[in-house]
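Novice: Requesting a structural model of the entry that follows:
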Amino acid sequence: MASNKAQTALEYLLTYGWAILIIIIVGAALYALGVFSPGTFTGKRSTGFSQFQIVDFKVDTGENITLVLGNRLGKTVTIDKIVATYKNNACNDTLSETFGPNTQKTYTWHCSNWGSLDLKTTYQVNVDIYYADPDSGLSHIDSGTLFGAVEE
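Specialist: Just a heads-up that it's a prediction; the model follows:
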């Protein structure tokens, strides 16, 4: 009789143990995706950039994008091009400009192929920064995403 009770108790613990483990895994996955972060739903933010710091950015109703970039590489590089993509429409600013270490530069360009942008409409813009290292002669890309609402 005691063995039957022990088996029932063990089955109970295993069944609910698996359920609790699954709940913990799902909760951890949601946390990692930023679902519980208030910043995910409000305000502007940038993610993904490793070599350049996005100090500030703005997308306005005139279809212009402005980026204030910081150089985190610790050496001078040459920025060749910046491509911003919104709703599969790419818009680029072709440059050939040196960018010193620990400095900031502001880039603004017009993206007429993005269509009409209404005030306070939220956006997700993917940005690719093409740059070259003069020391090695190699070209690289730093990519990330900007999230925000259209401003005036």
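
Novice: In contact with the residue nearest to the spatial centre of the chain, which residues?
Specialist: Centroid check for the chain by C-alpha atoms, centre = their mean gives residue 47 as the closest residue, at 2.5 Å. With contacts defined as C-beta atoms under 8 Å, 6 or more residues apart in numbering, residue 47 is in contact with 144-145, 147. Placement of C-beta: from N, CA and C, glycine included.

Novice: if I look at it, how far off is residue 35?
Specialist: Here the criterion is C-beta to C-beta, to the nearest Å. By it, residue 47 lies 15 Å from residue 35.

Novice: and the one helix or strand in the chain whose mean pLDDT sits lowest, what other elements does it pack with?
Specialist: The weakest-scoring helix or strand in the chain, judged by mean pLDDT, DSSP states H and E, is strand 89-99 (a mean of 82). If you count contacts as 3 or more C-beta pairs under 8 Å, 6 or more residues apart in numbering; DSSP states H and E, strand 89-99 packs onto strand 64-71, strand 77-86, strand 104-110.
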